[in-house]
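# Build the 3D model from these lines:
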Amino acid sequence: MAIGKRLKKAREGVDREHLYPLADAIKMVKERAKSKFDETIEIAINLGVDPRHADQMVRGVVILPNGTGRTLRVGVFARGAKAEEAKAAGADVVGAEDLVEKVQGGTIDFDRCIATPDMMPLVGRLGKVLGPRGMMPNPKIGTVTMDVTSAVKGAKGGSVEFRVEKAGIVQAGIGKASFTEEKLVENVKALADAVAKAKPAGSKGTYIQRVAVSSTMGPGVKVEPGTILG
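Okay, here's the model as predicted:
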């Protein structure tokens with residue numbers, strides 16, 4: 001596939017086989033994020049796991065110290081007082097049976113989904129819709145909870161859900177190109193520490209194997225795995 005002039009120029013000065021310390025890699029990515037919009041800075045972490053095995057699944061949630069730079073729309077499945085609590089906390093969409101019907105009809109106007117435990121028998125019907133989008137509420141990552149205030153504020157304030165993909169990779173946005181290098185480094189280390197703590201018992205050998213950072217429109221820069229941990 002032909003490489004565009006813009007990407008070809010952005011790749012100049014990047015040794016695609018070299019492993020850079022995290023701070024250097026972040027600096028290089030920021031310098032090459034020249035789009036007219038504020039590009040997202042992303043990280044990809046290759047883990048020594050096989051997620052096809054239940055005892056090697058890696059998932060969790062972390063609140064990035066400097067936020068994501070992205071405003072998430074949060075949907076909450078709740079009734080009564082908990083629905084009012086969710087609205088007061090800043091949830092964008094709140095409902096019960098009515099919201100289930102909307103989602104079943106193909107209308108999903110939120111980016112993060114939270115539910116109170118009593119709503120899960122209803123929300124469980126949405127597995128085929130929300131599951132493939134990685135949006136199904138789950139108690140392990142704090143999105144099935146009675147503490148909807150904390151969950152909504154966390155989602156609005158920079159919490160990031162991570163989950164290993166079939167190829168053993170965790171990918172996440174860790175900020176915007178407009179962030180300072182220091183803030184991006186802090187965010188990466190917070191995410192990396194959370195991923196490290198989520199190491200499953202079934203993982204053998206080297207856990208964090210390969211790391212790369214990139215911007216939305218820029219080239220990937222490989223990172224020394226040992227430099228991403230706090």
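# Pull the number of nearby residues for residue 18.
11 (other CB atoms under 10 Å). (Glycine included, C-beta is placed from N, CA and C.)
# Find the nearest non-adjacent residue to it, please.
Leaving aside its sequence neighbours, residue 18 sits nearest to residue 222 (CB to CB, 6 or more residues apart in numbering; 6.6 Å).
# Number of residues surrounding that neighbour?
17.
# Residue 45 too?
Residue 45: 27 neighbours (other CB under 10 Å).
# mind listing what it touches?
Neighbouring residues of residue 45 by CB atoms under 8 Å, 6 or more residues apart in numbering: 169, 170, 171, 192, 195, 208, 210, 211, 228.
# For the lengthiest helix in the chain, name the packing helices and strands.
Longest helix in the chain, counting residues (DSSP state H): helix 181-197. Counting contacts by 3 or more CB pairs under 8 Å, 6 or more residues apart in numbering; DSSP states H and E, helix 181-197 is packed against helix 22-31, strand 40-47, strand 59-63, strand 159-163, strand 169-176, strand 208-215.
# Quick check: buried residues in stretch 16-26?
Neighbour counts over stretch 16-26 (16 or more other CB atoms under 10 Å) mark 19, 20, 22, 24, 25, 26 as buried.
# which residues does the last one contact?
With contacts taken as CB under 8 Å, 6+ apart, residue 26 has the following neighbours: 41, 181, 184, 185, 188, 213.
# Ok, the third one next?
Contacts were defined as CB under 8 Å, 6+ apart; by that measure residue 22 touches 185, 188, 189, 213, 223, 224, 227, 228.
# Most neighbours among the residues you listed, which one?
Busiest of those [other CB under 10 Å] is residue 188, holding 28 neighbours.
# wait, doesn't that residue sit right on residue 173?
No. Between residue 188 and residue 173 there is no contact under CB atoms under 8 Å: 11.0 Å.
# Turn the helices and strands packed on helix 181-197 into a markdown table, including distance to residue 108 and mean pLDDT.
Shown next, in a markdown table, are the helices and strands packed on helix 181-197 (distance: least, CB to CB, whole Å; pLDDT from 0 to 100):
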| stretch | distance to residue 108 | mean pLDDT |
| --- | --- | --- |
| helix 22-31 | 31 | 96 |
| strand 40-47 | 21 | 96 |
| strand 59-63 | 20 | 89 |
| strand 159-163 | 16 | 88 |
| strand 169-176 | 19 | 95 |
| strand 208-215 | 27 | 96 |
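# between the ones you listed, which one is nearest to residue 92?
Nearest to residue 92, of all those, is strand 159-163, at 15.2 Å by CB to CB.
# now the closest one and strand 169-176, what's the angle there?
Using axes from the mean of the first three to the mean of the last three CA atoms, to 10 degrees, the inter-axis angle of strand 159-163 relative to strand 169-176 is 160 degrees.
# Give the partner strands of strand 159-163 in its sheet and their orientations.
Strand 159-163 has these partner strands in its sheet, going by DSSP bridges: strand 59-63 (antiparallel).
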